[in-house]
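*Asks:* here is a sequence with its predicted model. Questions after.
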Amino acid sequence: MNTWIEGIMPVMLTPFTERNDIDWAGLERLVEWYIDHGADALFAVAQSSEMQFMSLTEREALGRAVVRQVAGRIPVVVSGHVSDDIDAQVEELTVAAKTGADAVILVTNHLDPKKAGGADAFTATLDALLARLPRDTPLGLYECPAPFRCLLGDDELRRCIDTGRFVVLKDVSYDLLTVKRRAAMVEGSPLSLVNANAAIAWVAMLAGSRGFCGMHTSYHPNLYKWLMTSGARYPDLRARLVPFLAMAALSEAYGYPAQAKLVHQRLGTFGSARCRAIDFDVRERFWALGAVLDQLMAGTDLFRAEIARLA
C-alpha cells in the first residue's frame, strides 16, 4: 500500500447557503484557501463538515466535489461514517470509497456503538466491515468525539495495524504519553499517527505525530505548517507561537464550527455563516465572540508577517 497521509490535514468546513443547501462555489474557494495556506491533505465529510446533519446523497456529493476540486494536488480523505447499524455502515463507507478519496475514514465510536469496551466488540464490528468493504481502498481511523469519544486501546490499534489496510489515525487522545506509545506502535507500518490537540501540537510532532489535524486548521493551517517544518530552527519564534496556537484553540468552545464560518465569511471565502450543527446565533449566545475573533485573526496576521520576514 503506497498511500501516505500526513502533514497538516484540515478537517474541512462545509459552506451552506442561506437556503441551507451546500454552497458549491464557496466550497471550491474553501478548498483553494486550504491548499494556498499550507494543507498537505484534506479531511472532507468529517464532524467539522457537519456530516451528521447531511443525507447520504449530500455526503457523497460533498466528497466527490472536494476530490474533483483538489484534482490530485494533495491527498483527500473522506468519512461520512455516522451509523451504528452494520448494513448502513457498509453502505455509507462504500459510498465514501466511490468518491475517489485517497482513504476512507472509519469513526471509532461506530465500531463499538454499544460502548461494550475492550477489543472483542470493536474487532467483531471491524472484521465485519473489512469483509464487505472494497479491499483496494485504503482506510483510516478517527476518534470522533460525537456521539461519544471512543479511544482505541493498544490491542485495537494493533489489530488495525496488522490488517495492513489502515494508513492514518486522527488521534484525539489529547494525551502526550498516549501519542508517544502509539507512535512507537505504528513505526514501520503504513499507518501515520496525526495528532488533533493544539495544546500539544509541537511536542506531539517531536514525539512522532506526522502532522496536525485539529479544528483550527480552518483558521491558520500555515502556522501549524511552519511549526512542523521550521519550528525547530527558530526556537524563539516557536516559543511564542506554541502558546498562541493553544490559546487560540480555546475559542472552539464558542460555537464551533459556526464561528469558523464567521471567520471565512470575513475572509470572503463564502458568503453565509449558516450552520446545521448549531441552531442558534453564536454571536448572541457568546457576547464577546466578535472581539475574540478580531484578536484571533490579528494574532494570526502578526505571526504570518513575522514568518514571512524570515523567508
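*Replies:* Right, received. Where do you want to start? The structure displayed is predicted, hence computed values, not measured ones.

*Asks:* now residue 52. Nearest residue, chain neighbours left out?
*Replies:* Excluding the flanking residues, the one nearest residue 52 by Cβ to Cβ, 6 or more residues apart in numbering is residue 82, at 5.2 Å. (Glycine included, C-beta is placed from N, CA and C.)

*Asks:* what is the neighbour count of the one you found?
*Replies:* Residues near residue 82, counting by other Cβ atoms under 10 Å, number 21.

*Asks:* one more: residue 164?
*Replies:* The burial count assigned to residue 164 is 12, neighbours taken as other Cβ under 10 Å.

*Asks:* what kind of secondary structure is residue 283 in?
*Replies:* Here residue 283 is recorded as helix under DSSP: H, G, I helix; E, B strand; the rest coil.

*Asks:* excluding chain neighbours, what is closest to it?
*Replies:* Leaving aside its sequence neighbours, residue 283 is closest to residue 289 (5.5 Å, by Cβ to Cβ, 6+ apart).

*Asks:* repeat for residue 163
*Replies:* Nearest non-adjacent residue to residue 163, counting by Cβ to Cβ, 6+ apart: residue 130, 6.5 Å away.

*Asks:* what about that neighbour, distance to residue 240?
*Replies:* The spacing between residue 130 and residue 240, counted by Cβ to Cβ, to the nearest Å, is 46 Å.

*Asks:* higher neighbour count, the two?
*Replies:* Neighbour tally, residue 130 and residue 240, criterion other Cβ under 10 Å: the higher count belongs to residue 130, 15 against 12.

*Asks:* show me what counts as buried in the helix or strand where residue 128 lies.
*Replies:* Element membership for residue 128, per DSSP states H and E: helix 118-132. Buried residues in helix 118-132, counting neighbours by 16 or more other Cβ atoms under 10 Å, are found at 119, 121, 122, 123, 125, 126, 129.

*Asks:* who does that helix touch, helix- and strand-wise?
*Replies:* The criterion is 3 or more Cβ pairs under 8 Å, 6 or more residues apart in numbering; DSSP states H and E, and the helices and strands that helix 118-132 contacts are helix 86-98, helix 154-163.

*Asks:* closest one to residue 282 among these?
*Replies:* Each of these has some distance to residue 282 by Cβ to Cβ; the shortest is helix 86-98, at 28.8 Å.

*Asks:* skip ahead from the closest one and say which helix or strand is next.
*Replies:* For helix 86-98, the following helix or strand on the C-terminal side (DSSP H and E) is strand 103-107.

*Asks:* parallel or antiparallel, which strands does that next one pair with?
*Replies:* Each strand that strand 103-107 pairs with, and the sense of that pairing, follows from DSSP bridges: strand 76-78 (parallel), strand 139-142 (parallel).

*Asks:* and among the helices and strands packed on helix 118-132, the most buried is which?
*Replies:* With neighbours defined as mean count of other Cβ atoms under 10 Å, the helices and strands packed on helix 118-132 peak in mean count at helix 86-98, which reaches a mean of 18.

*Asks:* distance from that one to the middle of the chain?
*Replies:* Between the centre of helix 86-98 and the centre of its chain there are 19 Å (Cα atoms, centre = their mean, to the nearest Å).

*Asks:* contact partners of that helix?
*Replies:* The contact list for helix 86-98, computed with Cβ atoms under 8 Å, 6 or more residues apart in numbering, reads 45, 56, 59-60, 63, 78-83, 104-106, 110, 125, 128-129, 132-134, 137.
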